[in-house]
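Asker: With the input below, show me the fold.
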Amino acid sequence: MKTLVAATTLALLSTAAAAQDLSATLPEAVGRVAPALKAYSRDDLFGSVWAGSELSGRDRALVTFAALMTRHETGALGAHAELALQAGLTPAEISETITHLAFYTGWGNATAAAEATAPVFEAHGVSPEDLPSADPELLPLNEEAEAAREAFVSGTYGDVSRGVVDTTRELLFLDLWLRPGLAPRDRSLITVAALIAAGQPEQMTFHLNKAMDNGLSREEAGAMLSLLAFYAGWPRVFSALPVAKDVFEKRGQ
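Answerer: Residues are numbered from 1 along each chain as shown. Sure, this is the predicted structure:
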């Protein structure tokens, strides 16, 4: 096992927050059952990957929360909701992440994530007034991009399931994606992370391009893949790598 440079199990989560103890996300039982796993977590995942400068600690916390929610790993979500707050995410952003990913990972995953996060919000005194409205004023629509997306989806699948085509337009792209509680870049980031964690790389091309249009850099995307190798497993990340490579090359990046 190669131990990378790490003085402690503390990793710098963001420039806006003090260093936090990532080991709090690792159950104490891991050390008693799998000491090598604890060492990999301490030295390599927490001490090196999380400390990388290519992606902020806030973004790493967001990506990790999205991956755990996608994989229905509810036992770990509470600790990672706490970590996300420490890393600079607001309760409103976590709430909106759960809402957004309901559409991309399923209602069951979202309701389970809400149940796991509720005690953390309660401990921090988060009230309903701190959370996004169910009916906010929406962000402006990129009408040209939406017209192109709708033309493709409707023309390709309109005679297969008009219901899917219509709800995709009305609920996702004319509503969910325009909600102001989470920045467009963050919505793209968690969507790509969820697709990778779910083992659905065939859906990545559109959303990784959208993420980069929304401001995600190639370096940040690469760092996200590196982080997800630990939380979703190497096979799923290697399935996603060819898609990312193709997107980068076609964008000339």
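
Asker: hey, let's count contacts and neighbours off CA atoms from now on
Answerer: OK.

Asker: okay, and for this structure, where does confidence drop off?
Answerer: 1-20 (pLDDT under 70).

Asker: 50 - rerun?
Answerer: 1-19 (pLDDT under 50).

Asker: residue boundaries of the helices in it?
Answerer: Secondary structure of the chain (DSSP state H): helices at 28-33, 35-40, 57-70, 74-86, 91-105, 107-123, 143-157, 162-167, 184-197, 204-213, 218-232, 234-250.

Asker: Kindly spell out which helices and strands sit in contact with the second one.
Answerer: Counting contacts by 3 or more CA pairs under 8 Å, 6 or more residues apart in numbering; DSSP states H and E, helix 35-40 packs against helix 28-33.

Asker: Tell me which other helices or strands the helix it packs on touches.
Answerer: By 3+ CA pairs under 8 Å, 6+ apart, helix 28-33 packs against helix 35-40.

Asker: got the buried residues for the helix it packs on?
Answerer: 38-40 (16 or more other CA atoms under 10 Å).

Asker: tally of neighbours for S133?
Answerer: Neighbourhood size, S133 [other CA atoms under 10 Å]: 14.

Asker: What residues does S217 make contact with?
Answerer: Under the criterion of CA atoms under 8 Å, 6 or more residues apart in numbering, the contact list for S217 is empty.

Asker: what does L26 give?
Answerer: K38.

Asker: same thing but 10 Å
Answerer: 38, 41-42, 76, 79-80 (CA atoms under 10 Å, 6 or more residues apart in numbering).

Asker: Going by neighbour count, which of those residues comes out on top?
Answerer: Most surrounded of the contacts of L26: other CA under 10 Å gives H80, at 25 neighbours.

Asker: wait, that one sits on L22?
Answerer: Yes: counting by CA atoms under 10 Å, H80 does reach L22; the two are 9.2 Å apart.

Asker: For the contacts of L26, give me a markdown table that also has distance to L208.
Answerer: Shown next, in a markdown table, are those (distance: CA to CA, whole Å):
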| residue | distance to L208 |
| --- | --- |
| K38 | 32 |
| S41 | 28 |
| R42 | 30 |
| A76 | 26 |
| A79 | 28 |
| H80 | 24 |
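
Asker: Which of these sits closest to I98?
Answerer: The closest of these to I98 turns out to be H80 (CA to CA; 13.0 Å).

Asker: Next, find the distance separating the closest one from M69.
Answerer: 10 Å (CA to CA, to the nearest Å).

Asker: okay, and the common contacts of the two?
Answerer: Counting by CA under 10 Å, 6+ apart, the residues touching both H80 and M69 are A116.

Asker: before we move on, back to that, closest one of the contacts of L26 to K210?
Answerer: Nearest to K210 among the contacts of L26, with distances taken as CA to CA, is H80, at 26.1 Å.

Asker: returning to that earlier point: take the helices of the chain and lay them out in a markdown table including distance to E137.
Answerer: What follows is those, written out as a markdown table (distance: least, CA to CA, whole Å):
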| stretch | distance to E137 |
| --- | --- |
| helix 28-33 | 44 |
| helix 35-40 | 45 |
| helix 57-70 | 24 |
| helix 74-86 | 25 |
| helix 91-105 | 15 |
| helix 107-123 | 23 |
| helix 143-157 | 17 |
| helix 162-167 | 20 |
| helix 184-197 | 15 |
| helix 204-213 | 22 |
| helix 218-232 | 30 |
| helix 234-250 | 33 |
